[in-house]
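**Q** Sequence below, structure please.
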Amino acid sequence: MPELGGEYEILRSEPREGFLESYWVRGREGEGRLYWFEVHDPEARAAFFRYRNALKRLERLGALPGGVRISARPGRYFVFWPEAGDSTPPKGRRARRRLAEIEAALRPFGYRLEAALLGQQGGRPVVRSLHPLPTGAPEPEAPPKPSPARSLRAWLPGTLLAALGLVLLGVGAQRYLNPPSYPIPDVVGMPATKAERALAGKGLTLVFSEESHPDAPAGVVIRVTPAPGSRIKPGRRVELVVNRPEVRQVPAVNGKTLDQARALLAQAGYTVGPVAQTYDPSPAGTVLSSLPPAGTPLPAEAEVRLLVSLGPAPQRTLVPDLKGTSPEEARRLLELAGLQAGQEETLPSPLPEGTLLAQSPRPGTVIETGAPVVTARAAHPEVLLPPAPPEPPAPEGPEPLPAPETQPEPEGSPVPLDLSLPEELVGKPVKLTVTDDGGTRVLYQGPTQKGWRLSGEVPVRGQATFRLYVGDALYKEWRVQP
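**A** Numbering: from 1, shown residues only. As a prediction, the model looks like this:
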């Protein structure tokens, strides 16, 4: 069955009377009759509020039964009468006096008891239903008949009143022919009822319509035509557009991929907010839940957050201590721990070649299984001892001067020496010694700098042992047999 205003199920409708529609409906109050007013012009508006004021007068008089609902919101002007209870006509003297009071209360609004359905509540007469007057105004009460006696004293006040009436008529005609204009106040952002009060009393024809705007609160005015600040004369039409956000439901996206979820939410008119991630047995990229959850009513263009799976949580293990192991032993330990042997670096060091200098991550660190572990081991740079270069030919020209006297060279066999340092050792102090049958002597001791090189011939007797020290540590040792 169709619904009315989203609250009442229409069971039966009756012929329309101008701007008045009558229905038999079912709502949360039960079944009953509902009068719906299409208020789009001053006449319909005046008829509704005259009807509402009559019911308010009955309510103050205690002649209105419980359950009657009056709605005067823009676009929702209606009155609901619950199904009549005790509709037995009241009788007796007290009932007649009570009915006279009810009729006197209705008379200023143009209503008579003939238009009402009477009944009893608690032994007292009440109006169970009152059919609205779709058009027309209250009938004026008949003025008292004038006394037949006429005198000058009686004519004088009437003459003065007639003159005053002519003056007021002229002023009224002037205002009618040249009505004042009023600036339209800025009511954008106001609730519809407050905006209506701000425009009341200026003789304007207010027309309400609805649109959906997701960024504005529900029930507020989002647009006025003519624009605020425009000057307008009485009788002109002013349209107020009230925000009625479109409410939809969040679609089900659980189990979808993130791209599928984005497409479904965009199709439903929503935007995707921040995406959180967590480990879950579901495949990586699977949507686990949404906030708000599926089926939640939510205005269009609202934001929906998603929780996405990172896949199963990785297993973790401890990094073993590889100190004192050979490269083969280290690889075996890492394999048993579920790790991989990463890049193996070499660093110049006076320690024995292959000694573990460092590992990364450090021992005892908790990391994911399958991760690599990088090691660094000691290495000795190769010292090249090329043969001594040939002596350069003697230059042409005059005989060279005899060389000055020098000390005699030690006896022994000459051994060529050509020594340079790796870049990482440049700048450190070094010492080079040789030990042979004649004992130990220092060939060089001091600092080094870029381009440092030690070359020449060293006389030795018998087997010679050369030792290169970097700082105080032995860096390289080699033997020579002439």
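**Q** partners of the helix or strand containing residue 308, with directions?
**A** According to DSSP states H and E, residue 308 maps onto strand 303-309. Paired neighbours of strand 303-309 in the sheet (DSSP bridges): strand 271-278 (parallel), strand 287-291 (antiparallel).
**Q** Can you list the buried residues in that strand?
**A** Residues of strand 303-309 classed as buried: 304, 306, 307, 308, 309 (neighbour count, 16 or more other CB atoms under 10 Å). For every residue, glycine as well, the C-beta is placed using N, CA and C.
**Q** related to what we said a few turns ago, and residue 33, which of the strands paired with strand 303-309 is closest to it?
**A** Nearest to residue 33 among these is strand 287-291 (44.0 Å), distances taken as CB to CB.
**Q** Now do the helix or strand following that closest one: which elements does it pack against?
**A** Where DSSP H and E defines the elements, the next helix or strand beyond strand 287-291 is strand 297-299. Applying 3 or more CB pairs under 8 Å, 6 or more residues apart in numbering; DSSP states H and E, we find strand 297-299 packed against strand 247-249.
**Q** beta partners for residue 77?
**A** Applying DSSP bridges, one finds that residue 77 bridges with residue 37, residue 72.
**Q** give the contact list for residue 181.
**A** 231, 232, 233 (CB atoms under 8 Å, 6 or more residues apart in numbering).
**Q** From the residues you listed, which land in helices?
**A** Among these, none falls in helices (DSSP state H).
**Q** What's the ChimeraX line that selects buried ones from the residues you listed?
**A** Entered in ChimeraX, the line below selects the buried ones among the contacts of residue 181, by 16+ other CB under 10 Å:
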select :232
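**Q** Put together a markdown table for the contacts of residue 181, with pLDDT and distance to residue 413 on each row.
**A** Output for the contacts of residue 181, formatted as a markdown table (pLDDT from 0 to 100; distance: CB to CB, whole Å):
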| residue | pLDDT | distance to residue 413 |
| --- | --- | --- |
| 231 | 84 | 122 |
| 232 | 79 | 123 |
| 233 | 77 | 129 |
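**Q** starting at the chain centroid, how far to whichever strand or helix holds residue 26?
**A** Assigned by DSSP H and E, residue 26 belongs to strand 20-27. Centroid separation between strand 20-27 and its chain, computed with CA atoms, centre = their mean, to the nearest Å, is 42 Å.
**Q** Specify the beta-bridge partners of residue 275.
**A** Bridge pairing for residue 275 - DSSP bridges - gives residue 306.
**Q** So that it lines up with my notes, have the first residue be 581 from now on.
**A** Got it, first residue is 581 now, which makes that one residue 855.
**Q** mind listing the helices for the stretch 681-830 of the chain?
**A** Per DSSP state H, counting those that start in this stretch, the stretch 681-830 of the chain carries helices over the ranges 732-757, 772-779.
**Q** Those helices: lowest mean pLDDT?
**A** Looking over the helices of the stretch 681-830 of the chain, mean pLDDT reaches its minimum on helix 732-757, with a mean of 60.
**Q** and residue 1007, what pLDDT?
**A** Looking at residue 1007, its pLDDT reads 82.
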